[in-house]
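Undergrad: sequence? don't have it. structure:
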């Protein structure tokens, strides 16, 4: 049971506010934002998702730069409320097509109509996009596609595959002439956490993956999604990666996984097939985790040497370990330097295009940005550091570690694949559009000095 629900912008503006029980003062949104803001300014990092102020419990999640918040005075399950906030955000996105401050402001009537159906007097009624269609009658107001923010990891390669407006549309949207375009999207998204030792060996490695589905199919046809038959679940202490096998093939060993409530697993143990009834909207079909050895997409080598009493030289090499046909985008390499560093000069390799270098003096950090990296290539950065005082002790203890962020479309490190996506036919001419996409991105990619 919750007392209030509201959505705040990054500036603290109240975009949506609904008081269900009248138990908490109307100034709770301002109290919440002030608390969250000062939490970060006090150097304690981001505010936790759940905290208490003057007897009021505040729950919040962040999505698309917005804060979704619920308040209550009673003792409720934090997991339940946080899951509810995530589902409300997903339902709003399903109906508006894109989740942003602009889309919420333009469609506030529809948003309030959704909230009144999802929650009644603080109690949850339903968060099903399909069920809500029977009770919601307002049409969404489209947001100009030129002003849309990226919708997530998969958005980086939409322009090459399909129009941006295709995936950024509402579940209520129709094509010209009143017909609804029949299509379904499946995204396999993997977040990598890897730590390298100073000699380049892998110390820890983990993949957090999800198979995300977004459906615009009418009539609720049955969907069969088949994965690699070589998928196994459970640890046995071995490596999950055969370095001799070609890209995209070989066994896949998951530590553990869980499935959406609508997924039927009758044939999963036999042929790794997931069966689910089509429901409009976006939801995770399957979440999985891998902690056994896999081949990281990038190798990082760092060398830092003293070149005088007040100087040092740094060399950073990044090598792409994926095939030539794959291109990584939005790469950023960061290296903290000693606190007494006053100046840094950079030298890039000959012919380098699309690279940016910067010394963040306030944070004492080197930043090296690369627009893209082609598979199999190697890139090098040389930096010369100037210090305000003489070095005392080992410089590697005062610098590093190197961290790296990236996004790689059409690549997944686990080699989990969708073999086919079968949709039961309503007629001989029924042939909906199917889109299957892969994306790998960094969660924590670190190399020690």
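TA: Nice, thanks for sending it over. Note that this is a predicted model, so its numbers are computed, not measured. Numbering: from 1, shown residues only.

Undergrad: Break down the stretch 101-250 of the chain into its strands, ranges please.
TA: Using DSSP state E, counting those that start in this stretch, the strands of the stretch 101-250 of the chain run over residues 119-120, 123-124, 183-196, 202-215, 222-227, 231-233.

Undergrad: leaving aside the residues next to it on the chain, what's closest to residue 135?
TA: Excluding the flanking residues, the one nearest residue 135 by C-beta to C-beta, 6 or more residues apart in numbering is residue 117, at 4.8 Å. Every C-beta, even on glycine, is put in place using the N, C-alpha and C of the backbone.

Undergrad: The one you found: neighbour count?
TA: 17 (other C-beta atoms under 10 Å).

Undergrad: One more: residue 283?
TA: So residue 283, with other C-beta under 10 Å, has 20 neighbours.

Undergrad: Which strands or helices does the helix or strand containing it pack on?
TA: Assessed by DSSP states H and E, residue 283 sits inside strand 281-290. Using 3 or more C-beta pairs under 8 Å, 6 or more residues apart in numbering; DSSP states H and E, the elements in contact with strand 281-290 are helix 78-96, strand 202-215, strand 252-254, strand 256-259, strand 273-277.

Undergrad: and of the strands of the stretch 101-250 of the chain, who's closest to residue 26?
TA: With C-beta to C-beta, the closest approach to residue 26 among those belongs to strand 119-120: 17.8 Å.

Undergrad: quick one: contacts of that closest one?
TA: The contact list for strand 119-120 (C-beta atoms under 8 Å, 6 or more residues apart in numbering) reads 2, 5, 18, 20, 125.

Undergrad: What is the nearest of the residues you listed to residue 134?
TA: Of all these, residue 125 has the smallest distance to residue 134: 12.2 Å, by C-beta to C-beta.

Undergrad: Name the helix or strand for the residue nearest to residue 186 when sequence neighbours are not counted, please.
TA: Using C-beta to C-beta, 6+ apart and skipping the chain neighbours, the partner closest in space to residue 186 is residue 436 (4.8 Å). In the assignment (DSSP H and E), residue 436 maps to strand 433-447.

Undergrad: buried sites along that strand?
TA: Judged by neighbour count using 16 or more other C-beta atoms under 10 Å, the buried positions of strand 433-447 are 434-442, 445-447.

Undergrad: ranking the contacts of strand 119-120 by neighbours, who comes first?
TA: residue 2 (25 neighbours).

Undergrad: returning to that earlier point: residue 126 is in contact with the residue nearest to residue 135, correct?
TA: Yes. With contact defined as C-beta atoms under 8 Å, residue 117 reaches residue 126; the gap is 7.2 Å.

Undergrad: shared neighbours of the two, anything?
TA: In contact with both residue 117 and residue 126: residue 132, using C-beta under 8 Å, 6+ apart.

Undergrad: what about the stretch 1-150 of the chain, any weak spots by pLDDT?
TA: 40-44, 144-150 (pLDDT under 70).

Undergrad: Could you rerun that using 80?
TA: Residue ranges of the stretch 1-150 of the chain with pLDDT under 80: 40-45, 130, 142-150.

Undergrad: Okay, helices next: where are they in it?
TA: Applying DSSP state H, counting those that start in this stretch to the stretch 1-150 of the chain gives helices spanning 28-41, 78-96, 101-106, 108-118, 129-132.

Undergrad: Mind checking the ones you listed for the one nearest to residue 310?
TA: Per C-beta to C-beta, nearest to residue 310 of the helices of the stretch 1-150 of the chain: helix 28-41, 34.5 Å.

Undergrad: now the helices and strands packed on strand 281-290 in CSV, with mean neighbour count and distance to residue 189?
TA: CSV is the format used below for the helices and strands packed on strand 281-290 (neighbours: other C-beta atoms under 10 Å; distance: least, C-beta to C-beta, whole Å):
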stretch, mean neighbour count, distance to residue 189
helix 78-96, 20, 15
strand 202-215, 19, 5
strand 252-254, 21, 15
strand 256-259, 14, 14
strand 273-277, 18, 16
